[in-house]
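Novice: fold the stuff below for me.
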Amino acid sequence: MPLATSSLPASGRRASDTSRPTVFAHARVIDPARGLDAIGSVIVAEGRIIAAGPEVLNQGAPEGWEIVDCAGKIVAPGLVDMRVFVGEPGHEHRETLASASRAAAAGGVTTIITMPDTDPVIDDPALVDFVMRRARDTARVRVHPMAALTRGLNGAETVEIGLLKESGAVAFTDGRKSVSSALVMRRALRYGRDFGALIVHHVEEETLAGAGVVTEGEFASRLGLAGIPREAEIIMLERDMRLVALTGGRYHAAQISTSDSVEIIRAAKARGLDVTAAVSVAHLSLNEMDIGTYRSFLKLSPPLRHEDDRLAMVQGVADGTIDIVVSSHDPQDVEMKRQPFAESGSGAVGLETLLPAAMRLVHNGDLTWLQLFSVLAMNPARRLGLDVGTLSPGAQADLIVVDPEVAWILDRATLQSRSKNTPFENARFSGRVLRTLVGGETVFEG
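Specialist: Numbers count the residues shown, from 1 in each chain. Just a heads-up that it's a prediction; the model follows:
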């Protein structure tokens, strides 16, 4: 007999009973891991996906099962955000693991990958263990830390990659900093290769970037602001590709933002190098003109680029050259942002706007839904070797229910993050998360 259904809850949060099977019925089920985009149902029980797809649409449901009518809604894998800065430990006034996880759940992000730029720096197995224990105690979503690539993020001495990987670090990066020494980067890539470790790098040649705060060019000159040449990214990325070829290491460009960078990654992949690249959703949605009259919430690293670069980023995601889209969630407090543009801190919060901003690409016809959830869920999970990012039977029941058409305007005061420095203040979006599950437990409804 057909499934009896109830409506999707409109608001509030409740902890669901993970032992009670739940059926998300009549949904548009999207699972890029299986190439699935079809009307069907998803069954969740005991924290796992039991079935997902059109074949379970009209199966009967035993008494006591929770039935959720998702007609007109999308059910997809929870997002995996591969670049999240959290203030804990050391800067909890900006963000804690608890507040970041609330923001993540509200944005449909079920796994966050944290950066090591904390105080102290995450460069010791005991500190990796601390982050993981704090996350287990306080976070609503899954948290996996990246460890530092060099001790103290000093760019001079590589960390004990083997020990840190064994303790739970999923990759290695110096976060906001670049490793300027080619010799240190070569050693890190070779050392990491021996342990199957992923090296993640912020590609910016610091001496070229200097004191720049926006992309060098006519717009920077009109504002009277110091510019960063696009070559600061391009040169560092080209150097890194040479070192990957030399060492055979596993490499991921944390963020790219120029059209030339897309071509460099495309050429590296054609050569068979083990490289991937990400772009932030801000660099897919915004360009340097959005800065307007010195709006410090749009001071980012890398800086917002020319419109031609933005379009190249979109095309790079569409053709698969760019593998992953990240929020680059980087909370900054009021004191850091309420400064003249040049002196203000770089970075923006993004966990809650990652999916809504990325959905613009689907509504504009630039991406399909399968492509969108590939770069937001499947690809980052696979690159990091995590058992998430899919609705395949037996997988972790990390999933989201999305209304793709609901229109809303972002009010930064409603953000779950402790910091409110969003570049999308008062932005109009179409599409919003209605429910988020992690391990079969509802961690957000709204």
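Novice: all helices of this protein, in order?
Specialist: Secondary structure of the chain (DSSP state H): helices located at 97-106, 125-138, 161-167, 182-194, 206-209, 218-223, 231-247, 259-270, 281-285, 307-318, 334-337, 354-363, 369-373, 379-384.
Novice: mean pLDDT, mean neighbour count and distance to S430 added to those, as CSV?
Specialist: In short, each C-beta sits where N, CA and C put it, glycine included. Below are the helices of the chain laid out as CSV (pLDDT from 0 to 100; neighbours: other Cβ atoms under 10 Å; distance: least, Cβ to Cβ, whole Å):
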stretch, mean pLDDT, mean neighbour count, distance to S430
helix 97-106, 98, 27, 17
helix 125-138, 98, 17, 32
helix 161-167, 98, 18, 41
helix 182-194, 98, 18, 41
helix 206-209, 97, 15, 36
helix 218-223, 96, 14, 29
helix 231-247, 98, 19, 31
helix 259-270, 98, 18, 27
helix 281-285, 98, 25, 13
helix 307-318, 98, 19, 17
helix 334-337, 92, 15, 28
helix 354-363, 98, 22, 6
helix 369-373, 98, 21, 13
helix 379-384, 98, 22, 24
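Novice: between these, which gets nearest to S328?
Specialist: The closest of those to S328 is helix 281-285. By Cβ to Cβ, the value is 6.9 Å.
Novice: contacts for that closest one next, please.
Specialist: 255, 257, 300, 302, 304-305, 309-310, 313-314, 317, 325-328, 348, 350, 353-354, 357-358, 360-361, 423-424 (Cβ atoms under 8 Å, 6 or more residues apart in numbering).
Novice: let's see 6 Å
Specialist: Helix 281-285 has contacts (Cβ atoms under 6 Å, 6 or more residues apart in numbering) with S257, M313, V314, V325, L354, A357, A358, P423.
Novice: one step back: out of the helices of the chain, nearest to T173?
Specialist: helix 182-194 (10.1 Å).
Novice: not counting its neighbours along the chain, what's nearest A71?
Specialist: Distances taken as Cβ to Cβ, 6 or more residues apart in numbering put H26 closest to A71, at 4.3 Å, once the chain neighbours are dropped.
Novice: quick check: pLDDT value at that neighbour.
Specialist: pLDDT for H26: 94.
Novice: report the contact partners of V433.
Specialist: V433 touches G108, I400, V402, counting by Cβ under 6 Å, 6+ apart.
Novice: do you know how far the first one is from R140?
Specialist: From G108 across to R140, the span is 12 Å (Cβ to Cβ, to the nearest Å).
Novice: these two - which one has more neighbours?
Specialist: Legend: neighbour count by other Cβ atoms under 10 Å for G108 and R140, higher for G108 (29 against 24).
Novice: thinking that one is in contact with T353, fair?
Specialist: No - contact criterion Cβ atoms under 6 Å: G108 and T353 do not qualify, at 10.8 Å.
Novice: returning to that earlier point: the helices of the chain: which one's closest to L410?
Specialist: Proximity to L410 (Cβ to Cβ) singles out helix 354-363 among the helices of the chain, at 7.8 Å.
Novice: what's in contact with that closest one?
Specialist: G107, G108, V281, S285, V325, S327, L367, W369, L372, F429, S430, G431.
Novice: what about the residue lying closest to W65 once chain neighbours are set aside, neighbour count?
Specialist: In space, and not counting its chain neighbours, W65 is closest to P21: 4.7 Å by Cβ to Cβ, 6+ apart. Counted with other Cβ under 10 Å, residues neighbouring P21 total 18.
Novice: return the distance of P21 relative to I67.
Specialist: 10 Å.
Novice: D398 now?
Specialist: For D398, the distance to I67 equals 20 Å [Cβ to Cβ].
Novice: out of these two, which sits in the more crowded spot?
Specialist: D398 (32 against 17).
Novice: picking that back up, wouldn't the residue nearest to W65 be in contact with E66 here?
Specialist: No - with contact defined as Cβ under 6 Å, P21 and E66 do not form a contacting pair (7.2 Å).
Novice: before we move on, the earlier item: and the contacts of helix 354-363 as CSV, adding distance to G292?
Specialist: Below are the contacts of helix 354-363 laid out as CSV (distance: Cβ to Cβ, whole Å):
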residue, distance to G292
G107, 25
G108, 29
V281, 19
S285, 15
V325, 24
S327, 22
L367, 27
W369, 32
L372, 28
F429, 19
S430, 23
G431, 25
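Novice: what is the nearest of those residues to L225?
Specialist: Distances from L225 to the contacts of helix 354-363, taken by Cβ to Cβ, are shortest for S285, at 21.4 Å.
Novice: beta partners for the closest residue to G217 other than its chain neighbours?
Specialist: Nearest residue to G217, sequence neighbours excluded (Cβ to Cβ, 6+ apart): G227, at 6.4 Å. Assessed by DSSP bridges, G227 has beta-bridge partners V214.
Novice: pretty sure S430 sits against I409.
Specialist: No - using Cβ under 6 Å, S430 is not in contact with I409, being 10.9 Å away.
Novice: show me where pLDDT drops low in the protein?
Specialist: Along the chain, segments meeting pLDDT under 70 span 1-19, 57-62.
Novice: contact partners for the closest residue to T110 other than its chain neighbours?
Specialist: Nearest non-adjacent residue to T110, counting by Cβ to Cβ, 6+ apart: G78, 2.7 Å away. Contact analysis of G78 by Cβ under 6 Å, 6+ apart lists T110, D398, L399, I400.
Novice: pretty sure the first one sits against D398.
Specialist: Yes - counting by Cβ under 6 Å, T110 does reach D398; the two are 4.0 Å apart.
Novice: now for those two: what residues contact both?
Specialist: With Cβ under 6 Å, 6+ apart as the test, T110 and D398 both reach G78, V438.
Novice: nearest spatial neighbour of E238, skipping sequence neighbours?
Specialist: I264 (5.8 Å).
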